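J.: here is a sequence with its predicted model. Questions after.
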Amino acid sequence: MSRVGKHEIKFPQGITMMQEGSLLKFKGKLGEDAIEIPSCVEILKIEAGLKVASKDNTKFARSMWGTIQRRISNIVKGLTEGFTVSLKLEGVGYKAAISGNKLTLQLGYSHDIVYPIPNGVTIKCSEPTVIMITSSSKQQAGEIAAVLRSYRKPEPYKGKGVIRVGEFVVRKEGKKK
């Protein structure tokens with residue numbers, strides 16, 4: 001059984017936390033975020049940060065203990081460093097470009113795909129075939145990467161499509177004569 005919840009969460013310089021009932025609000029240099037704490041989990045303040053504890057020994061309370069600890073840890077990390085997801089466009093003529101507050105993708109369709117960039121997210125195209133998504137929220141960065149990937153998923157025969165950096169695409173052998 002995992003014991004992720006027992007680890008203390010240390011706050012680096014510049015992170016402030018406010019508790020209003022069951023709502024925890026965090027503020028850092030990259031923005032602010034909040035999390036709702038369930039009633040089966042309690043937050044204990046320590047000198048360097050905080051610790052998450054389970055109030056009872058039910059299965060739900062034990063599962064929420066580790067989940068809340070990780071979510072708070074990700075919020076703190078996101079507000080200090082941010083999260084980055086990189087995508088690579090594989091295929092002839094596949095390109096990405098930023099124009100204003102919109103990401104334009106050319107993925108082999110008869111039309112360009114225009115994706116509006118949400119607030120709080122930074123998208124950069126260092127090369128026409130590389131997209132870097134940066135956000136203070138891990139969920140938001142991953143969700144945008146999943147949406148962009150869904151426009152042209154990697155196919156197994158030629159390996160063309162939108163691929164996360166570090167992802168392994170299983171290749172299949174084509175037809176034989």
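T.: Yep, it's here. Keep in mind that this is a model prediction, so the values were computed, not measured.
J.: name every strand pairing with the helix or strand hosting Ile98 and say which way it goes.
T.: Per DSSP states H and E: Ile98 is located in strand 95-99. Here strand 95-99 has these sheet partners by DSSP bridges: strand 102-106 (antiparallel).
J.: and the partner strand, which residues are buried?
T.: In terms of neighbour count (16 or more other C-beta atoms under 10 Å), strand 102-106 has its buried residues at 103, 105-106. For every residue, glycine as well, the C-beta is placed using N, CA and C.
J.: circling back to that earlier point, CA atoms only: put the strand holding Ile98 into CSV for me.
T.: Provided in CSV are the C-alpha atoms of strand 95-99 (Å, rounded to 0.1, in the frame of the first residue of the first chain):
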residue,chain,number,x,y,z
LYS,A,95,3.8,22.7,-38.9
ALA,A,96,2.7,24.9,-35.9
ALA,A,97,2.8,28.7,-35.6
ILE,A,98,1.7,31.2,-33.0
SER,A,99,-0.2,34.3,-34.2
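J.: what's in contact with that strand?
T.: Residues outside strand 95-99 that contact it (C-beta atoms under 8 Å, 6 or more residues apart in numbering): 89, 103-106, 117, 123-125, 128-131.
J.: export these to CSV and tack on distance to Met18 and pLDDT?
T.: Shown next, in CSV, are the contacts of strand 95-99 (distance: C-beta to C-beta, whole Å; pLDDT from 0 to 100):
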residue, distance to Met18, pLDDT
Leu89, 42, 94
Leu103, 35, 95
Thr104, 40, 95
Leu105, 40, 94
Gln106, 45, 94
Ile117, 29, 94
Ile123, 31, 95
Lys124, 32, 94
Cys125, 37, 93
Pro128, 44, 94
Thr129, 43, 93
Val130, 39, 96
Ile131, 35, 96
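J.: please enumerate the strands of the protein.
T.: Under the criterion DSSP state E, the chain carries strands at the ranges 9-10, 16-20, 23-28, 31-36, 41-45, 49-54, 83-90, 95-99, 102-106, 113-116, 121-127, 130-135, 161-164.
J.: which one of these lies nearest to Ile72?
T.: strand 9-10 (5.5 Å; C-beta to C-beta).
J.: who are the contact partners of the residue positioned nearest the centre of the chain?
T.: Centroid check for the chain by C-alpha atoms, centre = their mean gives Lys138 as the closest residue, at 2.6 Å. By C-beta under 8 Å, 6+ apart, Lys138 lies in contact with 74, 77-78, 83.
J.: good, wrapping up.
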